[in-house]
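Peer 1: Sequence isn't available, so here's the structure alone:
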């Protein structure tokens, strides 16, 4: 059966996450997977199941979500699929690419690594007098807010200690739901793209529930001076959620890319992911 893969972007503010949710005896919640599935099904004139690489939480955004679906008799060639789907999608979700896929392609199982960014405005730099602590209306949907000024150097020192293979139980919500809380973080960096704005970039083989948001919350506490940078090692070793920082708002988090490595014979998905990764760095 022909299989296709899609590169998808969405503003997650008005979505209840990626995964389709249909509560008993209630209308289905608005999710990115649900909206995309409806658009694909409408285009193909039959019900189609669309799977995604990452089950982003409610309010979390994506520039590089990867989705896939199979259909016995596609009504439209793959080179016309992007335009045809986007005419059926709302303004806050967009298909950025479409390719033929191998029958065995699974966007979750074949994934080798994922990259997230967290964007945060801190302190009062760059704001007119009287607006301290208020969100800029133009970035309210995609940038979290912290009214405290942050020490970027301290945050960078701490971020480096999060890299590697560790038991991240301290950085997980409901860790008991996982067989293992050991994960590998390939990169964790803190940059300041503009005055008063911090972006934390995290990449790894996989993440626990709320893991990136808790990592950022811990870095914020360190930037404020409430934790020492070296305390990251102690927090990891404690394997206790209470030792880490708060779970940050979903508004600042974005799934930037998903890489598939050698399992993707064409290389097109990774090329697209790298282009999004590069363009996001330039834009921010």
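Peer 2: Nice, I can see it. Please read these numbers as outputs of a predicted model, since none were measured by experiment.
Peer 1: For the stretch 101-250 of the chain, just list every one of the helices.
Peer 2: Along the stretch 101-250 of the chain, the segments classed as helices by DSSP state H, counting those that start in this stretch run 152-161, 211-224, 231-238.
Peer 1: okay if I get those helices as CSV plus distance to residue 79, mean pLDDT and mean neighbour count?
Peer 2: (Each C-beta comes from the backbone N, C-alpha and C, glycine too.) Below are the helices of the stretch 101-250 of the chain laid out as CSV (distance: least, Cβ to Cβ, whole Å; pLDDT from 0 to 100; neighbours: other Cβ atoms under 10 Å):
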stretch, distance to residue 79, mean pLDDT, mean neighbour count
helix 152-161, 41, 98, 19
helix 211-224, 35, 98, 25
helix 231-238, 47, 98, 18
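Peer 1: out of those helices, which comes closest to residue 139?
Peer 2: Comparison of the helices of the stretch 101-250 of the chain against residue 139 by Cβ to Cβ identifies helix 211-224 as nearest, at 16.4 Å.
Peer 1: Who's the closest spatial neighbour of residue 252, skipping the chain neighbours?
Peer 2: Counting by Cβ to Cβ, 6 or more residues apart in numbering, residue 144 is the residue found nearest to residue 252 once chain neighbours are left out, at 3.3 Å.
Peer 1: what about the one you found, how many neighbours?
Peer 2: Residue 144 has 23 neighbours, counted by other Cβ atoms under 10 Å.
Peer 1: about what we covered before: can I get the helices of the stretch 101-250 of the chain in JSON lines including distance to residue 42?
Peer 2: Formatted as JSON lines, the entries for these read as follows, by distance: least, Cβ to Cβ, whole Å:
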{"stretch": "helix 152-161", "distance to residue 42": "44"}
{"stretch": "helix 211-224", "distance to residue 42": "33"}
{"stretch": "helix 231-238", "distance to residue 42": "47"}
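Peer 1: Ok, which of those comes nearest residue 123?
Peer 2: Taking Cβ to Cβ as the criterion, residue 123 comes closest to helix 211-224 out of those, the separation being 10.1 Å.
Peer 1: Residue 103 and residue 164, how far apart?
Peer 2: The spacing between residue 103 and residue 164, counted by Cβ to Cβ, to the nearest Å, is 36 Å.
Peer 1: between those two, which one's more packed in?
Peer 2: Neighbours of residue 103 and residue 164, each counted by other Cβ under 10 Å, are more numerous for residue 164; the result is 13 against 8.
Peer 1: Tell me the bridge partners for that one.
Peer 2: Beta-bridge pairing for residue 164 (DSSP bridges): residue 185.
Peer 1: I'd assumed residue 184 was in contact with it.
Peer 2: Yes: in this structure, residue 164 sits in contact with residue 184. The criterion is Cβ atoms under 8 Å, and the distance is 7.0 Å.
Peer 1: How about residue 189: which residues does it bridge to?
Peer 2: According to DSSP bridges, the partner residues bridging residue 189 are residue 201.
Peer 1: switch to numbering from 432
Peer 2: Done: numbering now begins at 432, and the last item shifts to residue 620.
Peer 1: number of nearby residues for it?
Peer 2: Using other Cβ under 10 Å, residue 620 has 15 neighbouring residues.
Peer 1: hang on, it packs against residue 631?
Peer 2: Yes: in this structure, residue 620 sits in contact with residue 631. The criterion is Cβ under 8 Å, and the distance is 7.3 Å.
Peer 1: which residues do those two both contact?
Peer 2: residue 590 (Cβ atoms under 8 Å, 6 or more residues apart in numbering).
Peer 1: pLDDT score for the residue lying closest to residue 652 once chain neighbours are set aside?
Peer 2: Closest residue to residue 652 apart from its sequence neighbours, by Cβ to Cβ, 6+ apart: residue 676 at 4.1 Å. The predicted structure scores residue 676 at 97 on the pLDDT scale.
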